[in-house]
Every structure is written in C-alpha cells, then in structure tokens.
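**Student:** need coordinates for the following:
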Amino acid sequence: MNNKQNEILLIAQEECAEVTQAISKIFRFGMDAKHPNEDRNNKQRLTEEVGDLHCMIELMVESGMIDRNELLNASGTKRHKLIKWSNIFDKE
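**Tutor:** Below you'll find the model as predicted:
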C-alpha cells in the first residue's frame, strides 16, 4: 500500500468509530435529542457521520483498494442474509 491508501484507511477507521458513537447516542438518548453544546440532533449527526464514511468508501473504490462490483455484490449478499435471518424486512 502507498501513503495515500494508508491515509484513506486511517480516516475510514476513524469515521467507523464516529458512526458507532453516533449510533450509541441514539440508543442512549433518542433520535431527536441534542447535546447542549451541539446544533445538530442525533439523527443529523448520524447522517453526517454516515456521509463521511460513505465518502471514504468511495475513495477506497477510486484508489483501487476495493472493486465497486465486488462491493455491490457483497452488499447484495448481506441484504439477502438480513432478509432471511433478521426482522428488518417483512416476511410473508
């Protein structure tokens, strides 16, 4: 890996942690809650952090670290597992 790829992975790792923290705040305080020193509510914060992570995923694709088609296939595979094993989707 080169320095650019190292930096992309490092920032992506940091963004994953920030998404995790935003989700934790929602579980603890609710979607609409705000920290007293924040302008954004927890939903807005989650949206921003997921957007930041999405950007880093796109940079991984653009830098050739991951293949877009393989990424989309992996995403589809996960969706099918969730359909089968989770309660997220309505089952007939």
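
**Student:** from residue 71, how far off is the closest residue to residue 89 other than its chain neighbours?
**Tutor:** For residue 89, ignoring the flanking residues on the chain, the nearest one in space by C-beta to C-beta, 6 or more residues apart in numbering is residue 83 at 4.9 Å. Where you see a C-beta, it was placed from the backbone N, CA and C, and this is true even at glycine. For residue 83, the distance to residue 71 equals 19 Å [C-beta to C-beta, to the nearest Å].

**Student:** now do residue 62
**Tutor:** 12 Å.

**Student:** can you name the next helix or strand after the longest helix seen in the chain?
**Tutor:** As assigned by DSSP state H, the longest helix anywhere in the chain is helix 3-29. Sequence order places helix 42-62 as the next helix or strand after helix 3-29, per DSSP states H and E.

**Student:** what's the angle between that following helix and helix 3-29?
**Tutor:** Computed with axes from the mean of the first three to the mean of the last three C-alpha atoms, to 10 degrees, the direction of helix 42-62 lies at 160 degrees from that of helix 3-29.

**Student:** for helix 42-62, packing partners?
**Tutor:** Helices and strands touching helix 42-62, as assessed by 3 or more C-beta pairs under 8 Å, 6 or more residues apart in numbering; DSSP states H and E, comprise helix 3-29, helix 68-85.

**Student:** repeat that for 7 Å
**Tutor:** The contact analysis (3 or more C-beta pairs under 7 Å, 6 or more residues apart in numbering; DSSP states H and E) places helix 42-62 against helix 3-29.

**Student:** which positions in the helix it packs on come out as buried?
**Tutor:** The neighbour-count check on helix 3-29 (16 or more other C-beta atoms under 10 Å) flags 8-9, 12, 15, 18-19, 22, 25-26 as buried.
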